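Undergrad: Sequence plus predicted model, see below.
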Amino acid sequence: MRYPDSMARSAEYLRLALPLMTRQRTALHPISYAVWYEFVSGRNPGLMQAVRERTRDGSVLEEDDTAALYREHLAEPLLDPEDARRVSEGLSRVLDNMASTAAEAGDRTARFDQSLLEWSRQLLDESTLNARAREQLQSLMEETRQMRQAMSTLQQRLDASHGEIAALREEVSLARSEALVDALTGLANRRAFERRLASCLRADEAPASPQEPSLCLVLGDIDFFKRVNDSYGHSFGDQVLRAVAQSMQRMISEPGLAARVGGEEFALLLPDTPLLQARQLAEQLRTAIASSSIRRANGEKAAERVTLSLGVTQLAPGESANDFFERADRALYASKRSGRNCVTVLAARAA
Ligand SMILES: Nc1nc2c(ncn2[C@@H]2O[C@H](COP(=O)(O)OP(=O)(O)OP(=O)(O)O)[C@@H](O)[C@H]2O)c(=O)[nH]1
C-alpha cells in the first residue's frame, strides 16, 4: 500500500499541506492534494527537490506544473517493466512445455500412423477382408491422418506464438531500459537514481564497518543555466546538458552511478567511497566543466564557459534517503550562495 499513515499522521499532513496548497495557482483537487501530501510527508525526495526548485524565488505552481510533478514523481507507470518481464518469461516457459508436448504427441501420432498404414496395406491385400471391414479400416486411417494434421497445425501455432513472445520480450526490455534512462543525456534518470539509492541503503543496513559508512552523494547544478538558454537558445542548453553528462560518465565507474535528477541538476552516487575521495571527484568534475568550452552547433564561436556548483555528503548510519539527499542539496545551495563554481562538503555530523 502506498499510504500506510495512521489517521493522526494523515490529519497532521492535511494540516501542513492545506496552507501550502492554497498558496498555489492550482485548484484544490486530488492531484494537487497528492502532490502536497507527498511533499509534507517528506517521503519523496525527488518531488521535494522539484517543488523547491519550482517555488524558489516565491514562484507558485500552476496547474501544468502540478500535473507535471504528479506525472514525474507520483504516478505509477501503467506497466511495471519488471512484472511484464516476469509474465512474458512465464508465458514463454508454458509455451515451451506445450510445444515439446505437442512435438512428442505429433511424433507418436506419426509413428502410429505409419504402423497403421503398413498393417492396413497388408490387410487390404488380403482378399478375405470383407467390404465392411475395409470401410472401417479406411475410415480409421482417415481419422489418424486428420489427427496428425491437427498436431502439425498446433505446432505451427505454437511456433508463431513463440515469435510473438520473443518480440514482446524485446519490447519489454526496451521499455525497461527507457524507463530508467534520461532520453536527453543517456544518463540514469531520477527513477533509476532513486532505485539505486534505495538498494544502496538496504545494503548499508548491515555495513562491514558501521562506524564508517562509505556511501557518498555528489549533487551538481549548472550555474546560471537560464542565462545560457536565454543567450544561446534551448537547443544549445541541451547540448550543454549532454556535455556535462558525458564528463560525469567518463569520471565514474561501477558500482558508482551518474544520473540526471532534475532539469539542470545531476547526481553522482558513490558506494564504497570515502568522503575525501568523493570531494576530490566533485572538484575534478567542477574543474573539467569550468575549463572546457562547449561550441555552438555552427562550430564558429565558443560559448561562454559553463560552471557547476556542487555539494557533497556522506551517508550517516541508519539515515533515510530523504535526509541524505537533503543534506547534499543543502551543500549544493551553500556552493550557490558562496558564489557558485565551487564544491561544498557537509559531513553527516555537521547536519
Ligand atoms: N535547455 C534546457 N533547459 C532546461 C532543461 N530543463 C530545465 N532547463 C532550464 O534550466 C533553467 C534553470 O534555471 P534556474 O533554476 O533559474 O537556475 P539557474 O539559471 O541555473 O541559476 P542558478 O541555479 O541559481 O545558478 C530554466 O531556465 C529551465 O528552463 C532542459 O532539459 N533543457
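TA: Noted; the coordinates are in hand. Numbering: from 1, shown residues only.

Undergrad: Can you pull out the low-pLDDT segments for the stretch 251-351 of the chain?
TA: Applying pLDDT under 70 to the stretch 251-351 of the chain picks out residues 297-304, 349-351.

Undergrad: at 50 what do you get?
TA: Low-confidence segments of the stretch 251-351 of the chain (pLDDT under 50): 350-351.

Undergrad: So the residue of it found nearest the ligand: helix, strand or coil?
TA: Using Cβ to the nearest ligand atom, the single residue of the stretch 251-351 of the chain nearest to the ligand is residue 263, 2.6 Å away. Where C-beta positions appear, they are placed from N, C-alpha and C, glycine not excepted. At residue 263 the chain is in coil, as set by DSSP: H, G, I helix; E, B strand; the rest coil.

Undergrad: Show the pLDDT at residue 192.
TA: Residue 192 is assigned 91 on the pLDDT scale.

Undergrad: Next up, phi/psi of it, please.
TA: Dihedral pair for residue 192: phi -60, psi -40, per degrees, to the nearest 10.

Undergrad: Need the nearest residue in space to it, chain neighbours excluded.
TA: Spatial nearest neighbour of residue 192, chain neighbours left out: residue 180 (3.9 Å); criterion: Cβ to Cβ, 6 or more residues apart in numbering.

Undergrad: list the contacts for that neighbour?
TA: Going by Cβ atoms under 8 Å, 6 or more residues apart in numbering, residue 180 touches 188, 189, 191, 192, 195.

Undergrad: Can you tell me which of the residues you listed are classed as buried?
TA: Among the contacts of residue 180, those buried by neighbour count (16 or more other Cβ atoms under 10 Å) are 188, 189, 191, 192.

Undergrad: gap between the helix or strand encompassing residue 9 and the chain center?
TA: Assigned by DSSP states H and E, residue 9 belongs to helix 7-22. Centre-to-centre, helix 7-22 and its host chain are 30 Å apart (Cα atoms, centre = their mean, to the nearest Å).

Undergrad: helices and strands around that helix, which ones?
TA: The contact analysis (3 or more Cβ pairs under 8 Å, 6 or more residues apart in numbering; DSSP states H and E) places helix 7-22 against helix 30-41.

Undergrad: ok and the helix it packs on relative to helix 7-22, angle-wise?
TA: 110 degrees (axes from the mean of the first three to the mean of the last three Cα atoms, to 10 degrees).
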